[in-house]
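Novice: could you work out the structure for the sequence below:
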Amino acid sequence: MQTLTQRLANPTRFMELSGSVLPWIAGAAAVVIAYGLYLAFYVAPPDYQQGETARIMYIHVPCAWLAMAVYAMVAMSAFGFLVFRHPLADVSAKTAVPLGAAFTFLALVTGSLWGRPTWGTYWVWDARLTSVLILFFLYLGLMALRSSIEDDSLASKLTAILALVGIVMLPIIKFSVDFGNTLHQPASVLRVGGPTIDTAMLTPLLVMALGFTLMFVAMHFKAMRNEILRRRVRALQLAQVEKAQASQLAAAE
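Specialist: Predicted coordinates for the structure are as follows:
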């Protein structure tokens, strides 16, 4: 009896399952994000120090979490491709990278907008911000490397290796506020001893994080479906070219 992972490893089966759940996930993402925005802007109180500016965190923090979580998923997919030759691992890694880059970019932009009234500047070269910027460049590097190599098999292998090497950035980002010189506040949600944020502000933050995660899952499924279809079309085109070449050789003989 096949496990769920084994069933999903079949591209045809994945297309069937993802097609059936994708509308529900996308709909749930829209509802949860809408509810989260309502809580963030109409229910949550302003911060006692930062005032209304702190509401940026309801966008910034989920994007920052996803920037790291998506890269962890890219690395796991790369590992699955290199070690287990999972049929959909490379598809997952390839399609997740642009999404991770987008979330990282949004985290940097919203962090800069948050930093201007809080720190008096849009950017400081501290440990946290600099390490997240390096993560963004790493995402761009993965996309550039894959697009620069025509051989899909070679491109998949090289980008998978780079993704695994780049996993070292995640603990650097996570602990940069603890060991580095940074203006960034330390962890206040995912920390030993529990969150330090009041429930009135923590609830909207977690709702937004859930909504953004569902949005990523929906976009990732959609991107994977598009990539599978692209590869099928390319395989058919190559088959037609090979058939035409074989016909020409047969006619020449």
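
Novice: so where do the helices sit in the stretch 51-200 of the chain?
Specialist: Shown for the stretch 51-200 of the chain, the helices assigned by DSSP state H, counting those that start in this stretch span residues 57-79, 89-119, 127-148, 152-165, 169-179, 199-252.

Novice: may I see the ones you listed organised as CSV, with mean pLDDT added?
Specialist: As requested, the helices of the stretch 51-200 of the chain are exported to CSV (pLDDT from 0 to 100):
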stretch, mean pLDDT
helix 57-79, 95
helix 89-119, 93
helix 127-148, 94
helix 152-165, 94
helix 169-179, 82
helix 199-252, 88
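
Novice: relative to Glu16, which of these is closest?
Specialist: Checking the helices of the stretch 51-200 of the chain against Glu16 by Cβ to Cβ gives helix 199-252 as the closest, at 10.6 Å. Any C-beta I mention is one placed from the backbone N, CA and C, and that applies to glycine too.

Novice: who does that closest one touch, helix- and strand-wise?
Specialist: helix 11-38, helix 57-79, helix 89-119 (3 or more Cβ pairs under 8 Å, 6 or more residues apart in numbering; DSSP states H and E).

Novice: would you turn those helices into a markdown table with mean neighbour count and distance to Leu170?
Specialist: Formatted as a markdown table, the entries for the helices and strands packed on helix 199-252 read as follows, by neighbours: other Cβ atoms under 10 Å; distance: least, Cβ to Cβ, whole Å:
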| stretch | mean neighbour count | distance to Leu170 |
| --- | --- | --- |
| helix 11-38 | 15 | 24 |
| helix 57-79 | 22 | 6 |
| helix 89-119 | 20 | 12 |
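
Novice: between the ones you listed, which one is nearest to Leu236?
Specialist: Each of these was scored for nearness to Leu236 using Cβ to Cβ, and the closest is helix 11-38 (14.1 Å).

Novice: okay, the helices and strands packed on helix 199-252 in JSON lines with distance to Thr213 next?
Specialist: Rendered in JSON lines, the data for the helices and strands packed on helix 199-252 read as follows (distance: least, Cβ to Cβ, whole Å):
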{"stretch": "helix 11-38", "distance to Thr213": "8"}
{"stretch": "helix 57-79", "distance to Thr213": "7"}
{"stretch": "helix 89-119", "distance to Thr213": "10"}
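
Novice: before we move on, the earlier item: with distance to Ala29 added, can I get the helices of the stretch 51-200 of the chain in a markdown table?
Specialist: Converted to a markdown table, the helices of the stretch 51-200 of the chain look like this (distance: least, Cβ to Cβ, whole Å):
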| stretch | distance to Ala29 |
| --- | --- |
| helix 57-79 | 12 |
| helix 89-119 | 13 |
| helix 127-148 | 22 |
| helix 152-165 | 26 |
| helix 169-179 | 24 |
| helix 199-252 | 4 |
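
Novice: ok so, going back, Leu162: which of the helices and strands packed on helix 199-252 is closest?
Specialist: With Cβ to Cβ as the criterion, Leu162 lies closest to helix 57-79 of those, at 8.3 Å.

Novice: now do the closest one: which elements does it pack against?
Specialist: By 3+ Cβ pairs under 8 Å, 6+ apart, helix 57-79 packs against helix 89-119, helix 127-148, helix 152-165, helix 169-179, helix 199-252.

Novice: redo the ones you listed as a markdown table? Include distance to Leu82.
Specialist: Formatted as a markdown table, the helices and strands packed on helix 57-79 follow (distance: least, Cβ to Cβ, whole Å):
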| stretch | distance to Leu82 |
| --- | --- |
| helix 89-119 | 8 |
| helix 127-148 | 14 |
| helix 152-165 | 5 |
| helix 169-179 | 18 |
| helix 199-252 | 18 |
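
Novice: ok, back up a step: just so I know, which of the helices of the stretch 51-200 of the chain lies nearest Ser18?
Specialist: helix 199-252 (4.6 Å).

Novice: quick one: that closest one to helix 152-165, angle?
Specialist: Angular relation of helix 199-252 and helix 152-165 on a 0 to 180 degree scale: 150 degrees, by axes from the mean of the first three to the mean of the last three Cα atoms, to 10 degrees.

Novice: great, nothing more from me.
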